[in-house]
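Novice: any chance you can model this:
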Amino acid sequence: EINFSPTKINKILITHWHGDHILGLPGLIQTLATSNYQGTLNIFGPVNSKKYFDSINKMFINQNKISVKLIEIKKNGCFYKDVCLSIEAIYLNHTAPCLAYSIKENDKRKINLDYTKKFGLTKDPLLGKLQKGFTINYKGNKITPEKGTIIHKGRKITLITDTSLCKEAIDISKDSDLLICESTFTKELVNKAKEYQHLTSEQAAQIAKQSKSKRLILTHISQRYKLDEAKKIEYEAKKIFKNVIVAEDFLKVEI
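Specialist: Numbers count the residues shown, from 1 in each chain. Presented below is the predicted three-dimensional model:
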């Protein structure tokens, strides 16, 4: 059970419009409508998303409606940024236009008190200016943000599904704290993975290793594999990338 109200959702990232990835969307929208949702639901997706979204809407009788804004992502790169985080997308190699997403916290400056103490500076409104990246003067001493602050890198989560092995998957995953990646097939079905433009367990692990990601979660496992066979997929991946597990319903992780 997830203790989270869907009415808190204001953004949805669509990777692509294959049925197994979007058929829960109409139900979610109806849930929001019946819950007196007051905001605007921003849906981001690949090219032609507006056409597909309109087609889905025509299939259902919507007694209650909410405000929906559909944004098509036309090119690779950062498409959203606020004071807390940024979101980047890149097109992958799949049978339909398909995006991978990276969500990254903005880097933060922390005061380097070991340095500012040398000047007797521990509490002062000037510290706020220094923390924003400005050089300050304190009692005749010039203190630069390079010396007076320490940059803490923001955490990064990357989602890859669906794709065949490609450079773009490695590029967007670079230095991810957590990489969530499809692993549809075991290694012996590499030809079938190529045919359907999906990944094997080994290929997902290669992406994690080459991108220098810290942790890998495998998902989108083919239904041909029973629950206990998922361990084989995990075992194959671990031969290439150690810090890996297979996803399960309601899995929670800390990064």
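
Novice: could you pull out the helices for this structure?
Specialist: Taking DSSP state H, the helices of the chain run over residues 19-22, 25-34, 49-58, 113-116, 126-131, 145-148, 167-173, 190-196, 201-210, 230-238.

Novice: these: which one's closest to Lys156?
Specialist: Proximity to Lys156 (Cβ to Cβ) singles out helix 167-173 among the helices of the chain, at 8.9 Å. Any C-beta I mention is one placed from the backbone N, CA and C, and that applies to glycine too.

Novice: just checking, what packs against that closest one?
Specialist: Packing contacts for helix 167-173, counted by 3 or more Cβ pairs under 8 Å, 6 or more residues apart in numbering; DSSP states H and E, involve strand 85-91, strand 99-105, strand 156-160, strand 178-182, helix 201-210.

Novice: buried residues, that helix. List them.
Specialist: Glu168, Ala169, Ile170, Asp171, Ile172, Ser173 (16 or more other Cβ atoms under 10 Å).

Novice: looking at those, spot the one nearest His21.
Specialist: Nearest member of these to His21, counting by Cβ to Cβ, is Ala169, at 16.7 Å.

Novice: which residues touch that closest one?
Specialist: Leu92, Ala100, Ile160, Thr163, Cys181, Ile207 (Cβ atoms under 8 Å, 6 or more residues apart in numbering).

Novice: pretty sure the second one contacts Ile172?
Specialist: Yes. Assessed by Cβ atoms under 8 Å, Ala100 is found in contact with Ile172 at 5.0 Å.

Novice: what's the distance between Lys132 and Lys174?
Specialist: 27 Å (Cβ to Cβ, to the nearest Å).

Novice: ok, those two, which is more surrounded?
Specialist: Lys174 (14 against 10; other Cβ atoms under 10 Å).
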